[in-house]
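**Student:** Have a look at this prediction, sequence included:
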Amino acid sequence: MTLIDNAVYVDGRRVFAPTSLSDTWDAIERTGGMAWLGLYRPHPDELQEVADELPLHPLAVEDALTAGQRAKLERYGEDWFMVLHPARYIDATETVEFGELDVFTGRDYVVTVRHAEEPDLADIRAGMEQRHTDRLAQGPSQVAFEILDHVVDAYFPVAEGLEQDIREIEDQIFAGDAAVSRRIYELSREIIGFERATRPLPRMIEQLQEDMRARLGDAANGSHASHLEAPEPEPGEEERAELVETLRALRDIHDHAVQVTDRVAAMRQMLENALELDSTLASKRLAEQSIEQNEQVKKISSWAAIIFAPQLIGSVYGMNFQHMPELEWPLGYPWALGLMLGVAVALYALFKKADWL
């Protein structure tokens, strides 16, 4: 059984650590507490065993067993099923590692199913047991909110790492690094994955806020105590105060989620601009190279013409025909040399004027 941790809580305190699922359900019934089960990559039969004891919806169980689900929040009666995609930035490879975390919550239970190493829910559990027993006492929904808050906060280092990569890419672009195009493509895939993980979050948290507001309205309607007659708050008022505080916490998580999604959108735009800039600079460099090549061709062609002209004259007088009157001239040899030199100088002056040399 891939059961990482199994505990029953009463009033925020761990009172029982069952060694089997049957003991867990017995402890819940006996104490009226809350069970928190943590599973890591469970076998379908193992998760089904849990589902047989708890009212886990079959569709939610199927989603939990099928890795690659989108981030979402679904309600089945009074139970909730949440899919999150935790992420962490790996400095060594400059990549983002995405995981999947499924959270089932009901009236008296929380079941977490991890498909990756991250996040370490043991730290969240230990933090609540040691410092926030009041939140544990509020029940399964508060545990789910703590997990959600942890996942959202962990997105900020990822965003910072990706933004640093984009800044490095901009430097590579202006430096003319030929490998930058591949890095832009790889980073684009990372940002798309990051966007898929974070984009549904604001709406998911809004759903939770709507549910809290509905519960807050129910608590307010159920409270009929008079403050003049009873100085101590009624249970309905205590519940209402807890719901108000939970709403504030959800609003804070929602603000963080919106910040992350805004940064992801900005990163995607920056990367698109970087890709366009790289394409523009590459075209410019190609055009400059083409111009430089043309200039080189002009120079080579000019010198080839200058050298070829005297050779042509020399080859004519070197054919040794008998009837060539210039061969009998006293000044024939100086005339041929002068003609060669004159033609070469004339061609040089012509090409120089045309800015080919």
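**Tutor:** Arrived safely.

**Student:** Start from the N-terminal end of the protein and give the strands.
**Tutor:** With DSSP state E applied, the chain shows strands at 3-10, 13-16, 34-40, 72-76, 79-84, 87-90, 95-98, 101-105, 109-114, listed in chain order.

**Student:** Which of these sits closest to residue 281?
**Tutor:** Each of the strands of the chain was checked against residue 281 via C-beta to C-beta, and the shortest separation belongs to strand 95-98, namely 25.7 Å. In short, each C-beta sits where N, CA and C put it, glycine included.

**Student:** quick one: the closest one to chain centroid distance?
**Tutor:** Going by C-alpha atoms, centre = their mean, to the nearest Å, the spacing between the C-alpha centre of strand 95-98 and its chain's C-alpha centre is 7 Å.

**Student:** do stretch 94-108 as well
**Tutor:** The chain centre lies 16 Å from the centre of stretch 94-108; the measure is C-alpha atoms, centre = their mean.

**Student:** can you pull the buried residues of it?
**Tutor:** Judged by neighbour count (16 or more other C-beta atoms under 10 Å), stretch 94-108 contains these buried residues: 94-106, 108.

**Student:** Check residue 228 and give its pLDDT.
**Tutor:** According to the model's per-residue confidence, residue 228 sits at a pLDDT of 32.

**Student:** returning to that earlier point: nearest to residue 178 among the buried residues of stretch 94-108?
**Tutor:** Each of those was scored against residue 178 by C-beta to C-beta, and residue 94 proved nearest at 18.1 Å.

**Student:** Name all residues that make contact with that closest one.
**Tutor:** 161, 165 (C-beta atoms under 8 Å, 6 or more residues apart in numbering).

**Student:** phi, psi of it?
**Tutor:** Phi and psi for residue 94, reported as degrees, to the nearest 10, are phi 50, psi 50.

**Student:** is it true that residue 253 touches residue 151?
**Tutor:** No - here residue 253 does not reach residue 151: they are 9.5 Å apart, not a contact under C-beta atoms under 8 Å.

**Student:** Residue 104 against residue 75, yeah?
**Tutor:** No - under the contact definition of C-beta under 8 Å, residue 104 does not touch residue 75, with a separation of 11.7 Å.

**Student:** So for the two, which residues contact both of them?
**Tutor:** residue 81.

**Student:** Which pLDDT value goes with the nearest residue to residue 260 once chain neighbours are set aside?
**Tutor:** Leaving out its chain neighbours, the residue that sits closest to residue 260 by C-beta to C-beta, 6 or more residues apart in numbering is residue 155, at 4.6 Å. Looking at residue 155, its pLDDT stands at 96.

**Student:** Check the spacing between residue 155 and residue 306 real quick.
**Tutor:** Using C-beta to C-beta, to the nearest Å, one obtains 69 Å as the distance from residue 155 to residue 306.

**Student:** ditto for residue 156
**Tutor:** Computed as C-beta to C-beta, the residue 156 to residue 306 distance reads 69 Å.

**Student:** Please say which of those two ends up with more neighbours.
**Tutor:** In this view residue 156 and residue 306 are compared by other C-beta atoms under 10 Å, and residue 306 has more residues nearby, 18 against 13.

**Student:** how far away is the more buried one from residue 154?
**Tutor:** Relative to residue 154, residue 306 is positioned 72 Å away (C-beta to C-beta).

**Student:** what's the answer for residue 95, then?
**Tutor:** Distance, residue 95 to residue 154, by C-beta to C-beta: 16 Å.

**Student:** coming back round to it: wait, the residue nearest to residue 260 touches residue 85, no?
**Tutor:** No - assessed by C-beta under 8 Å, residue 155 is found out of contact with residue 85, at 9.7 Å.

**Student:** CA-only coordinates of stretch 272-283, as CSV, when you get a sec.
**Tutor:** Written as CSV, here are the backbone C-alpha positions of stretch 272-283 (Å, rounded to 0.1, in the frame of the first residue of the first chain):
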residue,chain,number,x,y,z
GLU,A,272,7.0,36.1,-28.5
ASN,A,273,8.7,39.5,-28.7
ALA,A,274,12.1,37.9,-28.2
LEU,A,275,11.4,35.4,-31.0
GLU,A,276,10.3,38.2,-33.3
LEU,A,277,13.4,40.2,-32.4
ASP,A,278,15.6,37.2,-33.0
SER,A,279,14.0,36.7,-36.4
THR,A,280,14.4,40.4,-37.3
LEU,A,281,18.1,40.4,-36.2
ALA,A,282,18.8,37.2,-38.1
SER,A,283,17.3,38.6,-41.2
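
**Student:** Going by neighbour count, which residues of it are buried?
**Tutor:** For stretch 272-283, the buried set under the neighbour-count rule, 16+ other C-beta under 10 Å, comprises 274-275, 278.

**Student:** Closest to residue 160 out of those?
**Tutor:** Proximity of these to residue 160 (C-beta to C-beta) peaks at residue 274, which lies at 17.5 Å.
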